[in-house]
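[1] model the following, please.
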Amino acid sequence: MTDASALVSYVLKEKGFERIGALLGRGAVSMDLVIKESFNAVFIARRRALIDEELVQRSLEVLLELTGTNVKLHPPRDLLKPAFEIASKNNLAFYDALYLALAAKLGAELLSRDARQIAAAERIGVKVVPL
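    Residues are numbered from 1 along each chain as shown. Presented below is the predicted three-dimensional model:
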């Protein structure tokens with residue numbers, strides 16, 4: 001189970017990206033939100049001039065490839081109410097709570113670099129893969 005922070009770390013080759021790549025290589029689950037959030041993160045990195053245009057284009061292609069092959073996308077409809085509860089009880093963004101709701105539903109470990117999301121995961125009993 002992966003969120004956007006892990007995918008973006010992988011495509012931008014941030015510290016530890018090799019480990020994330022190995023985990024993604026085995027296959028992962030997420031939801032279609034992950035591609036939108038990941039593209040937005042690449043957009044922001046470009047806007048802040050943290051990455052060049054070549055890395056932008058390569059990152060977008062890898063994201064599309066991963067979400068078309070290795071990352072199975074789960075429909076979020078059945079996660080909306082549980083995510084709302086998780087967000088409310090943990091003072092967490094609703095979007096982040098969606099990933100936690102999916103991980104909880106599937107009994108899956110979460111790949112994330114988002115410290116607030118990781119703390120909430122631990123509070124609700126979702127295991128997190130250390131990155």
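[2] and the helices in this structure?
    Using DSSP state H, the helices assigned to the chain run over residues 4-11, 17-25, 33-47, 53-68, 80-90, 94-106, 115-124.
[3] return the most buried member of those helices.
    Per-stretch averages of neighbours, counted by mean count of other C-beta atoms under 10 Å, single out helix 4-11 among the helices of the chain, with a mean of 25. Any C-beta I mention is one placed from the backbone N, CA and C, and that applies to glycine too.
[4] now it against helix 115-124, angle please.
    Between helix 4-11 and helix 115-124, the angle comes out at 130 degrees (axes from the mean of the first three to the mean of the last three C-alpha atoms, to 10 degrees).
[5] helices or strands up against helix 4-11?
    Using 3 or more C-beta pairs under 8 Å, 6 or more residues apart in numbering; DSSP states H and E as the contact test, the elements touching helix 4-11 are helix 17-25, helix 33-47, helix 53-68.
[6] what sits against residue 79?
    Contact analysis of residue 79 by C-beta atoms under 8 Å, 6 or more residues apart in numbering lists 31, 98, 101-102, 105.
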